[in-house]
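>>> okay, here's the prediction I keep looking at, along with the sequence it came from:
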Amino acid sequence: MTDSAADPLMVFDLDGTLVDTAGDLLDTLNVLMVREGLAALPYSAVGSLVGAGARAMIERGFSANGAGLAQGRVDALLGDFIQHYGANIAARSRPFPGVIAALDRLSAAGWRFAVCTNKLEGLSRRLLDELGLTPRFAAVCGGDTFAVRKPDPGHLLGTIDKAGGAACRTIMVGDSKADILAAQRAGIPVVAVTFGYTDEPVESFGPDRVIDHFDQLVDAAASLADRWRRPGCVAA
């Protein structure tokens, strides 16, 4: 275990948690659907579309229009989606209000950071690069980084390992059921944000804390620190 495992680690979901990517994701999906003769979906549909990766977003989008897709067709559309989205990845996407200030405050207090997202790792890194955020994260793990993905706890635990952290000194921050379940199954405290992309209230999934703005994240994290004072955890 590296010395960095003694530092507290905060693992973030990406879409709907750190970065408001809904506009660019929906724009790309709508380009495909209009091309296929289907109606574009409104922004209000984002919560039911985003969170499980691009393939699921395509399947959900077409299903919302009453159109089924054969597996081979999904594969072809996925390639088109990635190409278009990758070329326009930060056209409208921006960090949520308060993200930068919260990361600065937490970093000054000794926290390290990682990203655990179901978005493809290459696209995740490209987005963070475009926004100038990449240097802040010890690890960026996407939906294709491991053999499993959220809500499987192995995705989160693998991210912690790549970041050189300790699970017993980690907090997860996310906006969806997949984020919360992954953390709960890994035995890791989870903070849920209310401003992300979910069609059900995040409170209903039983997170340890709920915040409405990143201004509240520092206090939420501090309130969970007592969980680290247990046998076998790396000393502070």
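Received it, and whenever you're ready, just let me know what you need.
>>> for the lowest-mean-pLDDT helix or strand in the chain, buried residues please.
Every helix and strand in the chain was compared by mean pLDDT, DSSP states H and E; the lowest is helix 54-64, with a mean of 90. Across helix 54-64, burial judged by 16 or more other Cβ atoms under 10 Å covers 54-55, 57-62, 64. Where C-beta positions appear, they are placed from N, C-alpha and C, glycine not excepted.
>>> and these as JSON lines, adding distance to residue 191?
Shown next, in JSON lines, are the buried residues of helix 54-64 (distance: Cβ to Cβ, whole Å):
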{"residue": "54", "distance to residue 191": "26"}
{"residue": "55", "distance to residue 191": "27"}
{"residue": "57", "distance to residue 191": "24"}
{"residue": "58", "distance to residue 191": "30"}
{"residue": "59", "distance to residue 191": "29"}
{"residue": "60", "distance to residue 191": "26"}
{"residue": "61", "distance to residue 191": "29"}
{"residue": "62", "distance to residue 191": "33"}
{"residue": "64", "distance to residue 191": "30"}
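>>> looking at those residues, which is nearest residue 39?
residue 64 (9.2 Å; Cβ to Cβ).
>>> low pLDDT regions in the protein?
Residues of the chain meeting the criterion pLDDT under 70: 1-5, 228-236.
>>> quick one on the thing from earlier: other SSEs contacting the following helix or strand past the least confident helix or strand of the chain?
Later in the chain than helix 54-64, the nearest helix or strand by DSSP states H and E is helix 71-87. Using 3 or more Cβ pairs under 8 Å, 6 or more residues apart in numbering; DSSP states H and E as the contact test, the elements touching helix 71-87 are helix 22-35, helix 54-64, helix 121-130.
>>> done for today, thanks.
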